[in-house]
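S.K.: Please work out how this folds:
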Amino acid sequence: MKILITGICGFAGSSIAKSLLKSHSNLQIVGIDNFSRKGSELNISELTKFGVELIRGDIRSQSDIDALPKVDWVIDCAANPSVLAGLNGQSSSRQLMEHNLSGTINMLEYCKRHKAGLILLSTSRVYSASELSSLPVELSDDRFDLRDCDFIGASSLGISEGFPTTAPLSLYGASKLASETLILEYGECFDFPVWINRCGVLAGAGQFGKADQGIFSFWIHSFREKKPLKYIGFNGKGHQVRDALHPMDLVPLLSQQMLEPDWEAPKIINLGGGVQNSMSLKELSSWCEDRFGQIEVLSSHDKRPMDAPWIVLDSTTAQNVWDWSVKTKIEQILEEIANHAEKNPEWSKLC
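M.R.: Purely as a prediction, here's the structure:
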């Protein structure tokens, strides 16, 4: 079987490629990347050692798409993954839509032409930002916890696939939700298989962390390097909570979706770390203090656009339908990132 991974030199794409090849000796992987993300070229050498055929190209460019070989499956990992994209001045709204929506359309046309299956790595940010911000939370030690509530699609297990996807989402979330809709339509109209995996916060060693994406990696590297950090919003206390998922844990499910698909399974599923793999920024700071010593974390009452106090994904559907579960605990993820930070003291500058 031959697989094309878009955005292969990003954190998710490179991690998935290496794990797939470790698990399945009969796979061929082709990867395309435009290397627009600083640090992505650091993954070239290792991917090449694994036998990955790397193509420097951009899925927004039709001529680059036309040059791609025929494959059986596409795993679409290419995206601008920042919830602040198009809002913070670092990228334009048009760039965001071209990356996340136009690129997906081009890959759908490619799959239509070659009858290749398509798997999208989507995001929890397709869920309504206004509804997420309205979730009833209560302070418990150093974190917010979700109170008993009657919100559709929200429970003590987290946010399920039934949670509202009504606007406003964020420009990023809207681009991914539009991509999801088109993927379902193309798969139905042109008879090729599609799966949509809504992922929580991906985290692990080698991630190019920033404050608005890859927060676990960003926080740990910044803490170790004694760089300034700040709790923003929610009274500036760092009580906001996210769950962490190692990309390696995606691979058993991706393998099933491509090699042993259950065609009766839902096309859209959540894949997150869940409540057991969740942590607040304040708790993360405490972990970092134990590992690296204390630094001062500043406090700001400013509000970040589209922020939410508590985003934890409920992956019950994936567990029931695909027998999928999280294997890499959050303590392992944090330890892995910290070890990487100590071995790569200039990582933040590199990426």
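
S.K.: For the stretch 251-351 of the chain, just list every one of the helices.
M.R.: For the stretch 251-351 of the chain, helices defined by DSSP state H, counting those that start in this stretch occupy the ranges 251-259, 281-292, 316-322, 330-343, 347-350.

S.K.: worst average pLDDT in those helices?
M.R.: Summarising mean pLDDT across the helices of the stretch 251-351 of the chain, the least confident stretch is helix 347-350, with a mean of 81.

S.K.: before we move on, the earlier item: looking at the helices of the stretch 251-351 of the chain, which is nearest to W73?
M.R.: helix 251-259 (4.9 Å; Cβ to Cβ). C-beta here means a position set from N, CA and C on the backbone, and glycine is covered the same way.

S.K.: Okay, buried residues for that closest one please.
M.R.: If you call a residue buried by 16 or more other Cβ atoms under 10 Å, then helix 251-259 has these buried ones: V251, P252, L253, L254, Q256, Q257, M258.

S.K.: Test my guess that the third one contacts A265.
M.R.: No. Proximity of L253 to A265 does not meet the contact threshold set by Cβ atoms under 8 Å, at 10.5 Å.

S.K.: tell me, what's touching those two both at once?
M.R.: W322 (Cβ atoms under 8 Å, 6 or more residues apart in numbering).

S.K.: Would you mind giving the helices of the stretch 251-351 of the chain as a markdown table with distance to K176 added?
M.R.: Shown next, in a markdown table, are those (distance: least, Cβ to Cβ, whole Å):
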| stretch | distance to K176 |
| --- | --- |
| helix 251-259 | 18 |
| helix 281-292 | 24 |
| helix 316-322 | 18 |
| helix 330-343 | 23 |
| helix 347-350 | 27 |
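
S.K.: For D142, find the nearest of these.
M.R.: Using Cβ to Cβ and comparing these, the one that lies nearest D142 is helix 281-292, at 4.1 Å.

S.K.: Helix 330-343 and that closest one, what's the angle between them?
M.R.: Helix 281-292 and helix 330-343 meet at an angle of 50 degrees, taking axes from the mean of the first three to the mean of the last three Cα atoms, to 10 degrees as the criterion.

S.K.: List the neighbours of helix 281-292 that are in contact with it.
M.R.: By Cβ under 8 Å, 6+ apart, the surrounding residues in contact with helix 281-292 are 142-143, 215-216, 219-220, 223-224, 229, 231, 237-240, 279, 295, 297, 334, 338.

S.K.: Filter those down to the ones in strands?
M.R.: Counting by DSSP state E, the part of these found in strands is R143, L229, Y231, M279, V297.

S.K.: Am I right that E342 is in contact with R224?
M.R.: Yes. At 6.9 Å, E342 and R224 qualify as touching, with contact defined as Cβ under 8 Å.

S.K.: Compare the two (neighbour count), which wins?
M.R.: Neighbours were counted for E342 and for R224 using other Cβ atoms under 10 Å; R224 has more, 20 against 12.

S.K.: which residues touch the more buried one?
M.R.: With contact taken as Cβ under 8 Å, 6+ apart, R224 is in contact with C288, R291, F292, A338, A341, E342, P345.

S.K.: Please list only the buried members of the residues you listed.
M.R.: Among the contacts of R224, the ones that count as buried by 16+ other Cβ under 10 Å are C288, R291, F292, A338, A341.

S.K.: before we move on, the earlier item: between the contacts of R224, which sits nearest P309?
M.R.: Where the contacts of R224 are concerned, and distances follow Cβ to Cβ, P309 has its nearest neighbour in C288, at 21.0 Å.

S.K.: so how far is R304 from that closest one?
M.R.: According to Cβ to Cβ, to the nearest Å, C288 and R304 sit 21 Å apart.

S.K.: cool, and Y186?
M.R.: 34 Å.

S.K.: same check, this time on G273
M.R.: 21 Å.

S.K.: more crowded one of the two?
M.R.: Each of G273 and R304 had its neighbours counted (other Cβ under 10 Å), and the higher figure belongs to G273 (28 against 17).

S.K.: how many neighbours does the closest residue to that one other than its chain neighbours have?
M.R.: Nearest in space to G273, with sequence neighbours left out and distances taken as Cβ to Cβ, 6 or more residues apart in numbering, is D243 at 3.7 Å. Neighbouring residues of D243 were enumerated by other Cβ under 10 Å; the total is 26.

S.K.: can you pull up the bridge partners for D243?
M.R.: Here D243 shows beta-bridge partners S278, assigned using DSSP bridges.

S.K.: Isn't it up against S315?
M.R.: No. With contact defined as Cβ under 8 Å, D243 does not count as touching S315 (9.4 Å).

S.K.: Could you look up the SS state of L54?
M.R.: Classification of L54 by DSSP: H, G, I helix; E, B strand; the rest coil places it in strand.

S.K.: Distance of it relative to G13?
M.R.: The gap separating L54 from G13 is 11 Å, by Cβ to Cβ.
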